[in-house]
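Novice: With the input below, show me the fold.
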Amino acid sequence: MIGRLRGTLLDKQPPWLVVDVAGVGYELEASMTTLVALPAVGEAVSLYTHLSVRDDAHLLYGFLRDQERTLFRALIKVNGVGPKLALAILSGMDEAAFRRCVLDDDVKSLTRLPGVGKKTAERLIIEMRDRFPHWESPEPSLSGLEGGSQPGSPEQDPLADAEAALVSLGYKPTEAARMLSGLEGEGSTEAMIKAALSRRMAG
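Specialist: Numbers count the residues shown, from 1 in each chain. Reported below is the predicted structural model:
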(Lines give C-alpha, C1' and ligand atoms only; values in the text may rest on other atoms or scores of the structure.)
Protein backbone atom coordinates (compact mmCIF):
# COMPACT_ATOMS: atom_id res chain seq x y z
CA MET A 1 0.00 0.00 0.00
CA ILE A 2 1.29 3.45 -0.93
CA GLY A 3 0.22 5.80 1.86
CA ARG A 4 2.18 8.96 1.17
CA LEU A 5 4.44 10.50 -1.48
CA ARG A 6 7.00 13.25 -1.09
CA GLY A 7 8.76 14.61 -4.15
CA THR A 8 8.66 17.21 -6.92
CA LEU A 9 5.48 18.21 -8.72
CA LEU A 10 6.24 17.48 -12.39
CA ASP A 11 2.91 18.13 -14.05
CA LYS A 12 -0.57 19.32 -13.17
CA GLN A 13 -3.40 18.80 -15.66
CA PRO A 14 -6.60 18.71 -13.56
CA PRO A 15 -7.74 16.29 -12.34
CA TRP A 16 -4.34 14.59 -12.87
CA LEU A 17 -0.92 15.36 -11.51
CA VAL A 18 2.50 13.71 -11.63
CA VAL A 19 4.93 13.62 -8.70
CA ASP A 20 8.58 12.66 -9.17
CA VAL A 21 9.86 10.57 -6.26
CA ALA A 22 13.53 9.61 -6.60
CA GLY A 23 13.26 9.46 -10.38
CA VAL A 24 9.92 7.62 -10.51
CA GLY A 25 6.93 9.60 -11.77
CA TYR A 26 3.71 8.73 -9.93
CA GLU A 27 0.48 9.71 -11.68
CA LEU A 28 -2.33 10.59 -9.28
CA GLU A 29 -5.87 11.83 -9.54
CA ALA A 30 -6.89 14.48 -7.03
CA SER A 31 -9.89 16.57 -6.06
CA MET A 32 -10.02 20.18 -7.19
CA THR A 33 -9.82 21.19 -3.53
CA THR A 34 -6.34 19.68 -3.36
CA LEU A 35 -5.29 20.77 -6.85
CA VAL A 36 -5.96 24.47 -6.31
CA ALA A 37 -3.86 24.41 -3.14
CA LEU A 38 -0.83 22.71 -4.66
CA PRO A 39 2.45 24.58 -5.19
CA ALA A 40 3.73 25.46 -8.65
CA VAL A 41 5.11 22.82 -11.00
CA GLY A 42 8.75 22.17 -10.15
CA GLU A 43 8.31 22.70 -6.41
CA ALA A 44 8.34 20.14 -3.60
CA VAL A 45 5.06 18.53 -2.61
CA SER A 46 3.88 15.98 -0.07
CA LEU A 47 0.62 14.10 -0.56
CA TYR A 48 -1.36 11.48 1.32
CA THR A 49 -2.46 8.75 -1.06
CA HIS A 50 -5.03 6.03 -1.51
CA LEU A 51 -4.34 3.10 -3.84
CA SER A 52 -7.29 1.48 -5.58
CA VAL A 53 -6.61 -1.91 -7.15
CA ARG A 54 -8.93 -3.08 -9.92
CA ASP A 55 -8.73 -5.93 -12.38
CA ASP A 56 -7.81 -3.54 -15.19
CA ALA A 57 -5.83 -0.84 -13.37
CA HIS A 58 -4.06 0.34 -10.23
CA LEU A 59 -5.25 3.90 -9.52
CA LEU A 60 -3.58 6.29 -7.11
CA TYR A 61 -5.46 9.21 -5.55
CA GLY A 62 -3.71 12.14 -3.89
CA PHE A 63 -4.79 14.39 -1.01
CA LEU A 64 -3.06 17.38 0.53
CA ARG A 65 -4.48 16.59 3.96
CA ASP A 66 -5.06 13.35 5.81
CA GLN A 67 -8.60 14.45 6.73
CA GLU A 68 -9.57 14.72 3.08
CA ARG A 69 -8.27 11.20 2.47
CA THR A 70 -10.17 9.96 5.53
CA LEU A 71 -13.39 11.43 4.16
CA PHE A 72 -12.67 9.98 0.69
CA ARG A 73 -12.28 6.52 2.21
CA ALA A 74 -15.51 6.91 4.15
CA LEU A 75 -17.39 8.09 1.05
CA ILE A 76 -16.39 5.14 -1.14
CA LYS A 77 -17.87 2.80 1.47
CA VAL A 78 -21.30 4.33 0.92
CA ASN A 79 -23.52 2.23 -1.34
CA GLY A 80 -23.40 3.60 -4.88
CA VAL A 81 -20.47 5.95 -4.31
CA GLY A 82 -17.24 5.10 -6.11
CA PRO A 83 -13.93 6.97 -6.31
CA LYS A 84 -15.09 9.17 -9.21
CA LEU A 85 -18.16 10.43 -7.35
CA ALA A 86 -16.19 10.77 -4.11
CA LEU A 87 -13.68 13.04 -5.86
CA ALA A 88 -16.52 15.06 -7.38
CA ILE A 89 -17.97 15.59 -3.90
CA LEU A 90 -14.61 16.62 -2.47
CA SER A 91 -14.06 18.93 -5.44
CA GLY A 92 -17.32 20.75 -4.82
CA MET A 93 -16.88 21.19 -1.07
CA ASP A 94 -14.22 20.63 1.56
CA GLU A 95 -14.56 18.38 4.59
CA ALA A 96 -16.04 21.08 6.82
CA ALA A 97 -18.72 22.00 4.28
CA PHE A 98 -19.64 18.36 3.71
CA ARG A 99 -19.88 17.76 7.43
CA ARG A 100 -22.26 20.71 7.76
CA CYS A 101 -24.45 19.26 5.00
CA VAL A 102 -24.63 15.93 6.81
CA LEU A 103 -25.36 17.41 10.24
CA ASP A 104 -27.90 19.91 8.83
CA ASP A 105 -29.65 17.41 6.52
CA ASP A 106 -28.82 19.77 3.66
CA VAL A 107 -29.98 17.71 0.68
CA LYS A 108 -30.24 20.78 -1.56
CA SER A 109 -26.52 21.64 -1.37
CA LEU A 110 -25.48 18.04 -2.01
CA THR A 111 -27.66 17.77 -5.12
CA ARG A 112 -25.72 20.67 -6.68
CA LEU A 113 -22.78 18.27 -7.01
CA PRO A 114 -22.44 16.31 -10.29
CA GLY A 115 -23.85 12.80 -10.08
CA VAL A 116 -25.64 13.42 -6.79
CA GLY A 117 -29.41 13.18 -7.07
CA LYS A 118 -31.90 13.49 -4.24
CA LYS A 119 -31.80 9.79 -3.34
CA THR A 120 -27.99 9.72 -3.33
CA ALA A 121 -27.88 12.87 -1.20
CA GLU A 122 -30.30 11.36 1.31
CA ARG A 123 -28.27 8.13 1.39
CA LEU A 124 -25.07 10.11 1.98
CA ILE A 125 -26.62 11.96 4.90
CA ILE A 126 -28.01 8.81 6.51
CA GLU A 127 -24.90 6.64 6.08
CA MET A 128 -22.30 9.30 6.74
CA ARG A 129 -23.82 10.30 10.09
CA ASP A 130 -22.20 7.21 11.57
CA ARG A 131 -19.16 7.02 9.33
CA PHE A 132 -18.22 10.67 9.34
CA PRO A 133 -14.98 11.19 11.29
CA HIS A 134 -15.29 13.45 14.32
CA TRP A 135 -12.26 15.69 14.69
CA GLU A 136 -11.81 17.46 17.98
CA SER A 137 -9.71 20.24 16.45
CA PRO A 138 -10.37 20.37 12.72
CA GLU A 139 -7.57 21.77 10.60
CA PRO A 140 -8.17 24.99 8.67
CA SER A 141 -10.30 24.54 5.59
CA LEU A 142 -8.53 24.29 2.28
CA SER A 143 -11.06 26.65 0.75
CA GLY A 144 -9.21 29.62 2.19
CA LEU A 145 -5.82 28.64 0.82
CA GLU A 146 -4.34 30.20 -2.26
CA GLY A 147 -2.86 27.75 -4.71
CA GLY A 148 0.72 28.28 -5.78
CA SER A 149 -0.04 27.44 -9.40
CA GLN A 150 1.36 29.45 -12.22
CA PRO A 151 -0.42 30.34 -15.48
CA GLY A 152 -0.26 27.62 -18.09
CA SER A 153 2.29 27.66 -20.87
CA PRO A 154 1.42 29.46 -24.12
CA GLU A 155 0.62 26.12 -25.74
CA GLN A 156 -2.11 25.41 -23.18
CA ASP A 157 -5.58 26.86 -23.05
CA PRO A 158 -6.49 27.26 -19.36
CA LEU A 159 -10.20 27.69 -20.16
CA ALA A 160 -10.31 24.50 -22.25
CA ASP A 161 -8.36 22.62 -19.56
CA ALA A 162 -10.76 23.87 -16.88
CA GLU A 163 -13.78 22.78 -18.92
CA ALA A 164 -12.24 19.33 -19.51
CA ALA A 165 -11.56 18.98 -15.79
CA LEU A 166 -15.16 19.84 -14.88
CA VAL A 167 -16.44 17.33 -17.44
CA SER A 168 -14.17 14.68 -15.92
CA LEU A 169 -15.87 15.34 -12.58
CA GLY A 170 -19.26 14.53 -14.08
CA TYR A 171 -20.61 17.88 -15.26
CA LYS A 172 -22.10 17.92 -18.76
CA PRO A 173 -20.09 19.93 -21.34
CA THR A 174 -22.83 22.55 -21.66
CA GLU A 175 -23.05 22.90 -17.87
CA ALA A 176 -19.26 23.15 -17.55
CA ALA A 177 -19.18 25.87 -20.20
CA ARG A 178 -21.94 27.77 -18.41
CA MET A 179 -20.11 27.50 -15.07
CA LEU A 180 -16.98 28.97 -16.67
CA SER A 181 -18.74 31.74 -18.56
CA GLY A 182 -17.11 35.08 -17.80
CA LEU A 183 -14.22 33.56 -15.83
CA GLU A 184 -11.59 33.85 -18.56
CA GLY A 185 -9.80 36.56 -16.61
CA GLU A 186 -9.27 34.35 -13.54
CA GLY A 187 -5.86 33.30 -14.88
CA SER A 188 -4.80 29.71 -14.25
CA THR A 189 -6.84 26.60 -14.91
CA GLU A 190 -7.05 25.90 -11.18
CA ALA A 191 -8.29 29.42 -10.41
CA MET A 192 -11.06 29.12 -13.00
CA ILE A 193 -12.11 25.71 -11.68
CA LYS A 194 -12.22 27.01 -8.11
CA ALA A 195 -14.31 30.02 -9.14
CA ALA A 196 -16.66 27.88 -11.24
CA LEU A 197 -17.25 25.37 -8.43
CA SER A 198 -17.84 28.18 -5.92
CA ARG A 199 -20.37 29.74 -8.30
CA ARG A 200 -22.12 26.37 -8.78
CA MET A 201 -22.38 25.64 -5.06
CA ALA A 202 -23.71 29.13 -4.40
CA GLY A 203 -26.61 28.28 -6.69
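Novice: got a list of what the spatially most central residue of the chain touches?
Specialist: With distances taken as C-alpha atoms, centre = their mean, the chain has Ser31 as the residue nearest its mean C-alpha position (1.5 Å). By C-beta atoms under 8 Å, 6 or more residues apart in numbering, the residues touching Ser31 are Pro15, Phe63, Glu68, Phe72, Leu87, Leu90, Ser91. Every residue, glycine included, has its C-beta placed from N, CA and C.
Novice: ok, the third one touching Asp94?
Specialist: Read it as Glu68. Yes: the pair formed by Glu68 and Asp94 meets the contact definition of C-beta atoms under 8 Å, at 7.5 Å.
Novice: Can you mark which positions in stretch 35-43 are buried?
Specialist: Residues of stretch 35-43 classed as buried by neighbour count (16 or more other C-beta atoms under 10 Å): Leu35, Val36, Ala37, Leu38, Val41.
Novice: for stretch 88-105, same thing?
Specialist: Neighbour counts using 16+ other C-beta under 10 Å place 88-95, 97-99, 101-102 of stretch 88-105 among the buried residues.
Novice: which one of those residues is nearest Asp56?
Specialist: Asp56 has its nearest neighbour among the buried residues of stretch 88-105 in Ala88, at 21.2 Å by C-beta to C-beta.
Novice: Does anything pack onto the helix or strand that closest one falls within? Which helices or strands?
Specialist: Under the criterion DSSP states H and E, the helix or strand holding Ala88 is helix 83-92. Contacting helix 83-92 under the criterion 3 or more C-beta pairs under 8 Å, 6 or more residues apart in numbering; DSSP states H and E are the following elements: strand 24-30, helix 32-35, strand 58-63, helix 66-75, helix 158-169, helix 189-201.
Novice: what's it in contact with?
Specialist: Looking at what lies outside helix 83-92 - C-beta under 8 Å, 6+ apart - the contacts are 15, 29-34, 52, 59, 61, 68, 71-72, 75-76, 81, 98, 110, 112-116, 124, 169-170, 197, 200-201.
Novice: Could you identify the helix or strand that succeeds that helix?
Specialist: The first helix or strand that comes after helix 83-92 along the chain, using DSSP H and E, is helix 95-103.
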